[in-house]
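K.L.:
kindly return the folded structure for what I paste below:
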Amino acid sequence: MTLTGLGEEVLQVWERGAGRPAVERAALALELAAPADRPADPVALVARDAVLLRLRTSLFGSMLDAVVRCPQCETEFDLPVDLTELAGELPTGGSVAVEADGFAATVRAPGSQDLLDLPLDQPPETFADALFRRCVEQATQLGHPVAPSALPPAIRAAAAAELSAQRMEGPSVDLVCGVCGQEWRAPIDIESVLWRDIDAWAMRRFDEVHRLAAAYHWSERDILALHPARRRFYLEAIG
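P.N.:
Below is the predicted model of the structure:
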């Protein structure tokens, strides 16, 4: 799978996703993956992110030049990341069982559809609480069923810690600050990374169309249909 073979599809995804929320753009980007690689819907975010990681690698390469900031001393440093190594570490999602204060719950990893269904224009804590309740598969108090809303904060904290420990929270890298020695896990927002690359690639293509159309009066369709090597020749010819 290459940009040469998917150029028009990438531009269509970019056009449909322009100005849309990140979770919708991620769903659109999944359309660029091979049918066999697309996860079922609804899909755990971690499984979705594994597909997005592979898609980004196939379209734009495996290396990502990131900039991270130490949460302790706030020192910034460059971090080259090999996305192929992260993709191999991601699970496909799942559920965890936790107990606290006489309560017990089975909680699954969040899915794309959960984010699509929840209103985005609400306070972060309200959104997080609604997302947690959607992800509760079973809840009990002293063995008796209760509603997810009855679960105490300790259950939510325990579920978050367990999901994180099993690396079901998405792609991340373990880091150590070379200045203060602080250790932490830095998440990688692969949906933003991929969309940034798609947007940059689309802008370059549109710039090429503009320059060639102004010089030769060709149509956008004809310019985009040119083989990249031929398009590069004409661009170099007009300076």
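K.L.:
okay, domains of the chain per the record?
P.N.:
Residue ranges for the domains of the chain, per automatic domain parsing: 3-89+188-237, 95-167.
K.L.:
any chance of the ones you listed in TSV, plus mean neighbour count and distance to Cys180?
P.N.:
From N, CA and C alone the C-beta is placed, and that goes for glycine too. Formatted as TSV, these follow (neighbours: other CB atoms under 10 Å; distance: least, CB to CB, whole Å):
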stretch	mean neighbour count	distance to Cys180
domain 3-89+188-237	15	4
domain 95-167	15	23
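K.L.:
want to throw these into CSV with distance to Leu175 and mean pLDDT?
P.N.:
Below are the domains of the chain laid out as CSV (distance: least, CB to CB, whole Å; pLDDT from 0 to 100):
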stretch, distance to Leu175, mean pLDDT
domain 3-89+188-237, 6, 89
domain 95-167, 15, 90
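K.L.:
out of those, which is closest to Val176?
P.N.:
domain 3-89+188-237 (9.3 Å; CB to CB).
K.L.:
so which residues of the protein form helices?
P.N.:
For the chain, applying DSSP state H gives helices covering 3-17, 22-29, 45-60, 83-87, 112-117, 124-135, 153-165, 190-216, 220-225, 228-237.
K.L.:
so which of the ones you listed is nearest Gly143?
P.N.:
helix 153-165 (14.9 Å).
K.L.:
tell me the angle the closest one makes with helix 45-60.
P.N.:
For helix 153-165 against helix 45-60, the angle by axes from the mean of the first three to the mean of the last three CA atoms, to 10 degrees is 30 degrees.
K.L.:
from the chain's centre, how far out does helix 153-165 sit?
P.N.:
Here helix 153-165 is found 22 Å from its chain centre; the criterion is CA atoms, centre = their mean, to the nearest Å.
K.L.:
which other residues reach it?
P.N.:
Here helix 153-165 makes contact (CB atoms under 8 Å, 6 or more residues apart in numbering) with 96, 98-101, 103-105, 107, 109, 132, 135, 139, 169.
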